[in-house]
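[1] Quick one, fold the following:
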Amino acid sequence: MKENSKNLLIVGIILVLSIVAGLFAYGQLSFLPNWFKAPYRLGLDLSGGTRLIYEADLNQVAVNDRESAMNGLRDVIERRVNLFGVSEPRVEVVKVGDSYRLSVELAGIKDINQAIEMIGETPYLEFREQRSEEETNKILEEQKNNNPEYLFVDPYFVPSEPQLTGQYLKSAKLDFDPNTYEPVVSLEFNEEGAKIFSQLTQENIGKVLAIYLDGQPISLPVVQEQINEGKAQITGKFTADEAKKLVESLNAGALPVPITLISQQSIGALQGEFFLKLSIKAGIIGLIVVILFMIFIYGKLGLFASLALIIYTILNLTIFKLIPVTLSLSGIAGFILSIGTAVDANILIFERYREEIKLGLNKKRAIEEGFRRAWPSIRDSNVSSIITCLVLYNFTSSMVKGFSLTLLIGVLTSMFTAITITRSFLKAFIK
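    Next up is the predicted model:
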């Protein structure tokens with residue numbers, strides 16, 4: 001096959017794939033299969049959702065450790081919500097006076113009960129030590145006399161010292177007692193949790209070390225000997241389904257501190273439809289202006305670059321739907337910005353091409369030299385942009401993450417379109 005025929009074939013394949021990608025990105029035509037019509041995933045500011053406010057009970061946490069405990073709580077809630085496929089959840093720690101609260105915003109979920117169930121089913125696991133008989137009798141007597149200071153105090157058990165909670169849990173799994181064949185939940189703690197558990201079992205030999213879940217005792221095992229392996233077992237009147245559900249919840253993330261729901265509300269799309277239309281309009285105008293600029297400055301070369309830019313836009317929208325990327329207003333802003341920067345590589349290549357023509361090279365050689373000499377600059381500028389996007393994505397809030405993710409995808413796609421697609425067009429049509 002002649003080289004020019006080969007180049008034309010490559011261009012034909014690019015155009016066919018671009019048309020298919022365009023149909024998938026648009027997805028509104030009636031004859032398309034259902035999976036082509038999958039909607040884009042929209043963020044909280046565009047699709048609405050649910051906001052929940054929880055207050056954390058930090059009475060058992062040292063003052064110096066409270067920020068760390070709240071950050072751990074936030075991470076656990078985020079991890080749990082992500083397991084349910086909620087798009088771009090926003091989980092933030094808020095301090096109000098001396099109390100700490102957790103704000104949870106869930107995009108696309110308008111059923112508050114569903115959201116509460118999603119968060120609230122995460123169990124709070126803790127171990128409690130047995131009180132002395134004298135202390136138990138005193139508390140019971142005070143409760144009998146309706147002393148308000150003792151009304152809600154557990155007369156039999158007290159949180160262990162040092163505390164051992166679900167924060168130290170490494171894994172949980174469903175097992176069956178070999179003697180009774182009843183389901184049990186086996187726990188394994190991380191290295192720090194294993195040390196605490198070893199200390200607690202050493203200090204409580206012959207005593208009950210109670211296992212509490214969400215403030216209720218579920219197992220009251222008597223410690224027979226010190227346990228150094230960091231493993232424990234929850235036994236109780238479980239059905240297999242109940243034990244399995246408990247295992248799933250514990251593995252999803254046991255809360256490091258107890259929380260109480262104090263506020264709940266459904267929120268609208270925050271004028272999302274209006275701003276979405278405005279953003280789409282801005283993107284179209286920006287694309288048209290960049291195309292006109294490229295054609296005006298570079299003529300036929302600019303025409304090929306503009307066609308590559310249109311394909312670039314289609315590929316981005318396809319990737320957004322395939323991954324899928326959560327499109328918030330900040331994410332759309334990152335995409336629109338990437339349209340303007342996508343032609344940077346083409347400009348570098350075309351300027352090098354013009355210089356090579358001035359030096360007397362023919363057009364074919366000038367194209368190859370233009371790409372070869374411009375590549376180091378294209379590579380370095382895009383790598384620096386990629387590093388910036390990665391830093392923003394890993395060390396900022398969810399709103400900035402949306403911006404950095406769409407910009408990162410745009411940078412990677414623009415490198416592909418400039419180096420592969422534009423080059424194929426030029427090699428096929430520039431004689």
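[2] switch to C-alpha atoms for all contacts and neighbour counts from now on
    Will do.
[3] This protein: helices as residue ranges?
    3-26, 44-47, 66-83, 112-120, 133-144, 191-203, 240-253, 272-298, 300-322, 329-341, 344-358, 363-395, 398-416, 422-429 (DSSP state H).
[4] In TSV, list these along with distance to Lys95 and mean pLDDT.
    Output for these, formatted as TSV (distance: least, CA to CA, whole Å; pLDDT from 0 to 100):
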stretch	distance to Lys95	mean pLDDT
helix 3-26	43	88
helix 44-47	23	76
helix 66-83	10	78
helix 112-120	20	73
helix 133-144	33	90
helix 191-203	28	90
helix 240-253	23	72
helix 272-298	29	88
helix 300-322	35	92
helix 329-341	26	87
helix 344-358	45	89
helix 363-395	21	90
helix 398-416	19	88
helix 422-429	53	86
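[5] would you turn the ones you listed into JSON lines with mean neighbour count and distance to Tyr54?
    Output for the helices of the chain, formatted as JSON lines (neighbours: other CA atoms under 10 Å; distance: least, CA to CA, whole Å):
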{"stretch": "helix 3-26", "mean neighbour count": "16", "distance to Tyr54": "39"}
{"stretch": "helix 44-47", "mean neighbour count": "24", "distance to Tyr54": "19"}
{"stretch": "helix 66-83", "mean neighbour count": "18", "distance to Tyr54": "11"}
{"stretch": "helix 112-120", "mean neighbour count": "15", "distance to Tyr54": "10"}
{"stretch": "helix 133-144", "mean neighbour count": "14", "distance to Tyr54": "29"}
{"stretch": "helix 191-203", "mean neighbour count": "18", "distance to Tyr54": "26"}
{"stretch": "helix 240-253", "mean neighbour count": "18", "distance to Tyr54": "17"}
{"stretch": "helix 272-298", "mean neighbour count": "15", "distance to Tyr54": "26"}
{"stretch": "helix 300-322", "mean neighbour count": "21", "distance to Tyr54": "32"}
{"stretch": "helix 329-341", "mean neighbour count": "21", "distance to Tyr54": "26"}
{"stretch": "helix 344-358", "mean neighbour count": "19", "distance to Tyr54": "47"}
{"stretch": "helix 363-395", "mean neighbour count": "16", "distance to Tyr54": "24"}
{"stretch": "helix 398-416", "mean neighbour count": "22", "distance to Tyr54": "19"}
{"stretch": "helix 422-429", "mean neighbour count": "20", "distance to Tyr54": "53"}
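[6] Identify whichever of these lies nearest to Glu105.
    helix 44-47 (7.5 Å; CA to CA).
[7] send the alpha carbons of that closest one over as PDB?
    C-alpha atoms of helix 44-47 as PDB (Å, rounded to 0.1, in the frame of the first residue of the first chain):
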ATOM      1  CA  LEU A  44     -24.500  18.400  43.500                       C
ATOM      2  CA  ASP A  45     -24.600  22.000  42.200                       C
ATOM      3  CA  LEU A  46     -26.200  20.800  38.900                       C
ATOM      4  CA  SER A  47     -28.400  17.900  39.900                       C
END
